[in-house]
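In: Based on what follows, work out the 3D shape:
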Amino acid sequence: MRKKGIAVFCSLAVLFSILFGGFPQKWQVSAAADMTNFAEEAAALTNQFRQENGLPALQMAPVLLDLSAQRAEELSQTYGHNRPDGREWFSVIEDSTLDSNCYAAENVAAGYDTPQEAVQAWIDSPTHRKAMLGEPYQYIGIGVYYLPEDTNHYYMYWDMLLISSQEPLEGARYPDSSTATSETAAATTVTTTQTEPVLPRIVGDVNLDGLVDMSDAVLLQKIIMGQVHVNDAQQQNKDCYADGVLDNRDVVVLLQFLVHLFPSLPVTA
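Out: Residues are numbered from 1 along each chain as shown. Model (predicted):
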């Protein structure tokens, strides 16, 4: 049984975190359990949390529901932000019809039986909470996958995708807020919680302040001149010309982007 979810957020920015629900008691499928509403409920609860913090609600779009459902099933094979084929999670966006030049975030969880439990676990984790309260995001996708004979004893896998988009996503709508309930669900055994933060990735944001501006161009020039050492996150963001080489072309392209000669970064070599 799989559920479709919410949220994808883009701009070649990626923020992601891992959340384990631990080793709960085996989740029993009940005829009364309305699994079809899980994604809707989780999205509505997320919007409720955002609005309580002064942020706009996110919309669900069919394409994001499909991608998050795909990722939830993949989590049952390889838990984390790498996919079963070894690629990083945001490749699911790159493989889709979505514009990958966007802000994007992924939260994952395992071992939680209900939307209330999964969303509350994300809220209680600083890293996941930060993603849920990201200001650039406009759309959300939630995926839920149930694996009845799970040898890892998680059984329920949850994926949240958050994205921005320069173009409206077809079929997007706000989740039904009437499905949101903050009532505590039946107790589940949760023994392990684990997070793994990863910095956002935005091509051109060399100083990692979440913006692409003139200060990034200045820093990039210093890096090329060997005056400044870069860390791994900066290494990902500086290739504005997308040729795998750091040189003056990257600075030129970045400056051209800042004066609106290019609509987005990177510029393909």
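In: What is the end-to-end distance of stretch 133-141?
Out: End-to-end distance of stretch 133-141: 15 Å, with Cα to Cα, to the nearest Å as the criterion.
In: buried set for that stretch?
Out: Under the neighbour-count criterion of 16 or more other Cβ atoms under 10 Å, stretch 133-141 has 133-134, 136-141 buried. For the C-beta atoms, the positions are set from N, CA and C on the backbone; glycine is no exception.
In: for those residues, which one is nearest Val253?
Out: Nearest to Val253 among the buried residues of stretch 133-141 is Pro136, at 22.1 Å by Cβ to Cβ.
In: where does the closest one fall, helix, sheet strand or coil?
Out: Following DSSP: H, G, I helix; E, B strand; the rest coil, Pro136 is assigned to coil.
In: Apart from its neighbours in sequence, what residue is nearest it?
Out: Tyr103 (4.2 Å; Cβ to Cβ, 6 or more residues apart in numbering).
In: partners of the one you found in the sheet?
Out: Beta-bridge pairing for Tyr103 (DSSP bridges): Ala13.
In: so where's this protein uncertain?
Out: Within the chain, the stretches with pLDDT under 70 are 1-36, 179-201, 208-210, 229-235, 269.
In: got the residue ranges for the strands in this protein?
Out: Ranges of strands within the chain are 2-3, 6-7, 13-18, 59-60, 103-110, 139-146, 156-163, based on DSSP state E.
In: what's the closest of those to Val252?
Out: strand 13-18 (22.4 Å).
In: Now do the domain split for the chain, please.
Out: If you go by the TED database, the domain ranges for the chain are 35-163, 202-268.
In: got the end-to-end distance for the last one?
Out: Between the opening and closing residues of domain 202-268 lies a distance of 15 Å (Cα to Cα).
In: Check stretch 73-83 too.
Out: OK, stretch 73-83 end separation, Cα to Cα: 10 Å.
In: And stretch 147-157, by the same measure?
Out: 8 Å.
In: who does the residue lying closest to Leu64 once chain neighbours are set aside bridge with?
Out: Sequence neighbours aside, Gly141 is the residue nearest to Leu64 in space, at 3.0 Å (criterion: Cβ to Cβ, 6+ apart). Gly141 forms beta bridges with Ile6, Leu161, as assigned by DSSP bridges.
In: I figured Glu106 hits Ile163, correct?
Out: No. Between Glu106 and Ile163 no contact is recorded; they are 9.7 Å apart, counting by Cβ atoms under 8 Å.
In: quick one: which of these two has more around it?
Out: The residue with more neighbours, out of Glu106 and Ile163, is Ile163; 34 against 29, by other Cβ atoms under 10 Å.
In: measure the more buried one to Ala172 for me?
Out: Using Cβ to Cβ, to the nearest Å, one obtains 11 Å as the distance from Ile163 to Ala172.
In: which neighbours do these two share?
Out: By Cβ atoms under 8 Å, 6 or more residues apart in numbering, Ile163 and Ala172 have these common neighbours: Tyr139.
In: Tell me which of the domains of the chain sits nearest to Ser177.
Out: domain 35-163 (5.2 Å).
In: Can you report how many residues lie near Thr97?
Out: 8.
In: no, scratch that, I was asking about Pro263
Out: The number of residues packed near Pro263 is 9, by other Cβ under 10 Å.
In: Might you report the residue contacts of the closest residue in space to Ala57 that isn't next to it in sequence?
Out: Leaving out its chain neighbours, the residue that sits closest to Ala57 by Cβ to Cβ, 6+ apart is Asn47, at 4.0 Å. If you count contacts by Cβ under 8 Å, 6+ apart, Asn47 has them with 57-58, 140, 174-175, 177, 180.
In: Now tabulate the strands of the chain in CSV and tack on distance to Leu219.
Out: Below are those laid out as CSV (distance: least, Cβ to Cβ, whole Å):
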stretch, distance to Leu219
strand 2-3, 43
strand 6-7, 31
strand 13-18, 18
strand 59-60, 35
strand 103-110, 21
strand 139-146, 31
strand 156-163, 27
